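J.: Everything below, folded, please.
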Amino acid sequence: MKYIINDYEYYLKKEKKVSANTLDSYLRDVKQYYKFLDKYYKITKPKQIERKHLEGYLKSIKRKLSSKTIARKLTSIKGFHHFLLVEKEIDEDFTITFETPKVTKTLPKVLSIDEVVQLLATVDKSTPLGLRNIALLELIYGSGLRVSELLAIKMEDIHLQQAYVLVLGKGNKERVVPISDMAVVALRQYIIKGRPSLLDKKQSNLLFLNQKGESLSRQGFFKVLTKLAKEAGVSTECSPHTLRHSFATHLLENGMDLRTLQALLGHEDISTTQIYTHISQKRVQEVYQSAHPRAKEGNHD
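T.: Model prediction:
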């Protein structure tokens, strides 16, 4: 089975050409599935896998995981079984009859404009890392980038004079994204004063570096953001994606149309962008409930 999983990895990478994140996710799910089959059913060959084995696995994870995570794992497993059928490692694919659980949709968390201001004000701009951090935050919030897009930006992708950045989005699609005036100022300061100190005689064409002068990782940025949010007293759970969600929500609240927002975010389908209209409506309701003297029961004369 381990050799077959290695073949599956090659298939995903070379033939399906999935992204690095998707590849990691699929392989992790398939390896967990195989580990369960090996431990509880002593399965060593694909032809030994039966419907009851997958049912047992799904039952074992149902209590621990969300419907969204279970749906993703089942998609990974279905993809693996389809591969096994194509490679003639199994005679039939029984997973096609398994229904993906309905995913409970939750609205993404967003920061208020005041919380964003608090977060930005917390950054100490007197150090090279501080200059990098403010440039990171101004760019991700000011342009609504995905964290993968943000950390992959090269020096030649940034055009401060014209105030735009060229980013490589999902499916290796390039798009031009405008940069806010505040982000231009922060980036200029970082590139002139902060980045050379971090680089310290090393060679790199990546824009954002860690303290060793190497590429900044997703985990590295997440740690920086978590620490800054705590220092700023921001109670909302804060991740790089929270800043992207906040960017989109704040633009919609200030009158941007969905089609323009879709282009800025790099969404393939406008239905993905439409979730932000629900967030805006929810926030309007919350503000109304807290601000209107007759909105709540018990406030009547």
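J.: rest of the way, CA atoms for contacts and neighbours
T.: Noted.
J.: what about L137, helix or strand, and which?
T.: Assigned by DSSP states H and E, L137 belongs to helix 128-143.
J.: helices and strands around the helix or strand that comes right after that helix, which ones?
T.: For helix 128-143, the succeeding helix or strand toward the C-terminus, using DSSP H and E, is helix 147-151. Helices and strands touching helix 147-151, by 3 or more CA pairs under 8 Å, 6 or more residues apart in numbering; DSSP states H and E, are helix 128-143, strand 164-168, helix 218-232.
J.: okay, now F80: neighbour count?
T.: A count of nearby residues for F80, using other CA atoms under 10 Å, gives 23.
J.: could you measure the residue positioned nearest the centre of the chain against F247, distance?
T.: With distances taken as CA atoms, centre = their mean, the residue of the chain nearest its centroid is H241 (5.5 Å). Counting by CA to CA, to the nearest Å, the gap from H241 to F247 is 10 Å.
J.: Which pLDDT value goes with A291?
T.: At A291, the predicted lDDT confidence score is 60.
J.: D269 now?
T.: pLDDT for D269: 83.
J.: Not counting sequence-adjacent ones, nearest residue to it?
T.: Counting by CA to CA, 6 or more residues apart in numbering, D269 lies nearest to Q262, which is 7.9 Å off, once chain neighbours are set aside.
J.: helix or strand right after the helix or strand hosting the one you found?
T.: In this assignment (DSSP H and E), Q262 forms part of helix 258-265. Where DSSP H and E defines the elements, the next helix or strand beyond helix 258-265 is helix 270-273.
J.: So what's the gap between the helix holding L137 and the chain middle?
T.: 18 Å (CA atoms, centre = their mean, to the nearest Å).
J.: And for that helix, what's in contact with it?
T.: Outside helix 128-143, the residues that touch it by CA atoms under 8 Å, 6 or more residues apart in numbering are 120, 123-125, 145-147, 150, 177-180, 182-183, 186-187, 189-190, 193-195, 197-198, 208, 210-211, 224, 240, 243-244, 246-247, 264.
J.: Buried among those? Need that as a selection in PyMOL.
T.: Selection of buried members from the contacts of helix 128-143 for PyMOL, criterion 16 or more other CA atoms under 10 Å:
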select buried, resi 120+123+125+145+146+147+150+177+178+179+180+183+186+187+189+190+193+194+195+197+198+208+210+240+243+244+246+247+264
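J.: which ones among the contacts of helix 128-143 are found in helices?
T.: Filtering the contacts of helix 128-143 for membership in helices, criterion DSSP state H, returns 120, 147, 150, 182-183, 186-187, 189, 195, 197-198, 224, 240, 243-244, 246-247, 264.
J.: how much space is there between the closest residue to F221 other than its chain neighbours and Q219?
T.: What sits nearest to F221 in space, not counting adjacent residues and going by CA to CA, 6+ apart, is P240, at 7.8 Å. Distance, P240 to Q219, using CA to CA: 10 Å.
J.: Find the residues that touch each one of those two.
T.: Joint contacts of P240 and Q219 (CA under 8 Å, 6+ apart) do not exist.
J.: how near is I61 to Q32?
T.: 11 Å.
J.: The closest residue to R195 other than its chain neighbours: how many residues sit nearby?
T.: Nearest residue to R195 in three dimensions, chain neighbours excluded: P128, at 6.7 Å (CA to CA, 6+ apart). The number of residues packed near P128 is 19, by other CA under 10 Å.
J.: how close does P128 sit to Q189?
T.: Using CA to CA, one gets 10 Å for the distance from P128 to Q189.
J.: Spit out the residues that contact these two alike.
T.: With CA under 8 Å, 6+ apart, P128 and Q189 have no common neighbours.
J.: after the top helix by length along the chain comes which helix or strand?
T.: Ranked by residue count, the top helix of the chain under DSSP H comes out as helix 20-41. Counting by DSSP H and E, the element after helix 20-41 in chain order, helix or strand, is helix 51-62.
J.: tell me the angle that following helix makes with helix 20-41.
T.: Inter-element angle recorded for helix 51-62 and helix 20-41: 110 degrees (by axes from the mean of the first three to the mean of the last three CA atoms, to 10 degrees).
J.: Pull the very next helix or strand once past helix 51-62 out as PDB, backbone CA atoms only.
T.: Downstream of helix 51-62, the first helix or strand assigned by DSSP H and E is helix 67-86. Extracted in PDB, the C-alpha atoms of helix 67-86 (Å, rounded to 0.1, in the frame of the first residue of the first chain):
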ATOM      1  CA  SER A  67     -18.800  18.100   8.800                       C
ATOM      2  CA  LYS A  68     -16.500  20.300   6.600                       C
ATOM      3  CA  THR A  69     -13.400  18.300   7.500                       C
ATOM      4  CA  ILE A  70     -15.100  14.900   7.100                       C
ATOM      5  CA  ALA A  71     -16.400  16.000   3.700                       C
ATOM      6  CA  ARG A  72     -12.900  17.000   2.600                       C
ATOM      7  CA  LYS A  73     -11.400  13.700   3.900                       C
ATOM      8  CA  LEU A  74     -14.100  11.700   2.000                       C
ATOM      9  CA  THR A  75     -13.300  13.600  -1.200                       C
ATOM     10  CA  SER A  76      -9.600  12.700  -0.700                       C
ATOM     11  CA  ILE A  77     -10.500   9.000  -0.200                       C
ATOM     12  CA  LYS A  78     -12.900   9.000  -3.200                       C
ATOM     13  CA  GLY A  79     -10.100  10.400  -5.300                       C
ATOM     14  CA  PHE A  80      -7.700   7.700  -4.100                       C
ATOM     15  CA  HIS A  81     -10.200   4.900  -4.800                       C
ATOM     16  CA  HIS A  82     -10.800   6.300  -8.300                       C
ATOM     17  CA  PHE A  83      -7.000   6.200  -8.900                       C
ATOM     18  CA  LEU A  84      -6.900   2.500  -7.600                       C
ATOM     19  CA  LEU A  85      -9.700   1.600 -10.100                       C
ATOM     20  CA  VAL A  86      -7.900   3.300 -13.000                       C
END
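J.: Lovely, talk soon.
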